[in-house]
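In: dropping the sequence and predicted coords here.
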Amino acid sequence: NTSHQLSSLPLQILFYLNGIYYIFYFLATLAMIVYKSEVFSYPDDFLAPDLALLLIMAVLEVLRLYLGSKGNLTEEEAPLGLSLALTVGSVILSVYFLVWQTYVLRADVVINAVLLFTYGLESVLKVVAIAAFVS
């Protein structure tokens, strides 16, 4: 009886690093929103939606990382696939903070570019892991 481990160690490491990076991302983005609201004439109509989208993104990120990690460790494609689908929402929100928010600072560009890069790398590894689980 030989058992083959199909779960992906690089993917699991990336989930862990993404979790740590997202904490930094969330706090940095929150601090920048507060900074922008104090330094620039931040329209009140846009402050609440930006904060709400950041909170939605945080909830999405926790779910995405939990399902991805669980799916990888249990070698089940359904949670990993759901995590991949949630990544699409996270990418859209990251692009919002990169391009469409009221004020975009150079720091916003840097931290969102790193986040989008990790999402891309993670997505490729998820697809490879799902393919390994299915076969």
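Out: Structure's in. What do you need? Residues are numbered from 1 along each chain as shown.
In: ok, the spatially closest residue to Tyr103 that is not a sequence neighbour to Phe97 distance?
Out: Distances taken as C-beta to C-beta, 6 or more residues apart in numbering place Lys36 nearest to Tyr103, at 4.8 Å, with adjacent residues excluded. For glycine as for every other residue, the C-beta is placed from the backbone atoms N, C-alpha and C. Counting by C-beta to C-beta, to the nearest Å, the gap from Lys36 to Phe97 is 12 Å.
In: which stretches of the protein form strands?
Out: For the chain, strands defined by DSSP state E do not occur.
In: low pLDDT regions in it?
Out: 1-3 (pLDDT under 70).
In: go again using 90 as the cut-off
Out: With pLDDT under 90 as the threshold, the chain has low-confidence stretches at 1-6, 40-46, 102, 135.
In: quick one, helices of this structure?
Out: Listed in chain order, the helices of the chain (DSSP state H) span 9-39, 44-74, 77-95, 106-134.
In: buried stuff in the second one?
Out: Going back to what we said before, that points to helix 44-74. In terms of neighbour count (16 or more other C-beta atoms under 10 Å), helix 44-74 has its buried residues at 50, 53-54, 57-58, 60-61, 64-65, 67-72.
In: list the contacts of stretch 5-19.
Out: Stretch 5-19 is touched from outside by 65, 68-69, 72-75, 118, 121-122, 125-126, 128-129, 132-133, with contacts defined as C-beta atoms under 8 Å, 6 or more residues apart in numbering.
In: try it again with 6 Å
Out: Contacts with stretch 5-19, where a contact means C-beta atoms under 6 Å, 6 or more residues apart in numbering, come from Leu65, Gly68, Ser69, Asn72, Leu73, Glu75, Thr118, Glu122, Leu125, Ala129, Ala132, Phe133.
In: quick one, what contacts the fifth one?
Out: Read it as Leu73. Leu73 is in contact with Ser7, counting by C-beta under 6 Å, 6+ apart.
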